[in-house]
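>>> I'll drop the sequence and a predicted model, then ask my questions.
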Amino acid sequence: MNQTQITQIESSFPLVAPIAEPAAAIFYRRLFERDPALRPLFRDTDMAVQGRKLMQAIGFVVAHLRVPDRLLPAVSALGARHAGYGVQPAHYDTVGAALLDTLEEGLGEAFTPEVREAWAAAYGLLAQVMITAANDEDGVMAQSVA
């Protein structure tokens with residue numbers, strides 16, 4: 001992720017923040033459309049509360065993109081917690097696609113190819129940190145790609 005991408009994320013998120021509740025609803029609708037098997041992970045979850053947590057987490061990420069020493073440990077801890085909820089590494093691709101779908105719908109014309117690329121790069125980095133933390137939590141060493 002480069003500085004231009006960070007700036008694009010920082011400038012696009014304020015357009016989503018005012019519609020946080022409907023954006024969260026869109027996200028979970030898209031997530032369950034893409035993979036209905038994920039719905040049981042949320043069976044005992046108040047989805048309005050979950051939506052607020054999602055938007056708070058995204059807000060935290062956006063606010064700390066320029067402070068990786070604060071951001072990455074928090075994301076790592078989140079990944080370890082998600083492993084305990086039953087989240088598998090393959091789920092991260094589905095979550096990323098649902099996030100990009102949500103941003104596209106929420107931002108409309110402001111969701112340019114460059115903005116999409118910036119969000120995809122940020123999500124890819126954070127997902128990898130979360131997956132690594134989940135693997136470490138399970139006592140499994142993450143495999144490196146040569």
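It's in. Numbering: from 1, shown residues only.
>>> Which residue ranges of this structure form helices?
With DSSP state H as the criterion, the chain has helices at 3-16, 20-34, 47-63, 68-84, 91-107, 113-137.
>>> Buried residues of the third one, list them for me.
Put plainly, it is helix 47-63. Of the residues in helix 47-63, those with enough neighbours to count as buried (16 or more other Cβ atoms under 10 Å) are 51, 54, 55, 58, 61, 62. For glycine as for every other residue, the C-beta is placed from the backbone atoms N, C-alpha and C.
>>> Could I get these in TSV, plus columns for distance to residue 107 and pLDDT?
As requested, the buried residues of helix 47-63 are exported to TSV (distance: Cβ to Cβ, whole Å; pLDDT from 0 to 100):
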residue	distance to residue 107	pLDDT
51	18	96
54	16	95
55	14	96
58	13	96
61	16	96
62	13	96
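>>> For the spatially most central residue of the chain, give its distance to residue 131.
In the chain, the C-alpha nearest the mean C-alpha coordinate belongs to residue 123, at 5.7 Å (Cα atoms, centre = their mean). Computed as Cβ to Cβ, to the nearest Å, the residue 123 to residue 131 distance reads 12 Å.
>>> coming back round to it: what's the closest of the helices of the chain to residue 41?
Smallest distance to residue 41 across these (Cβ to Cβ): 8.4 Å, for helix 91-107.
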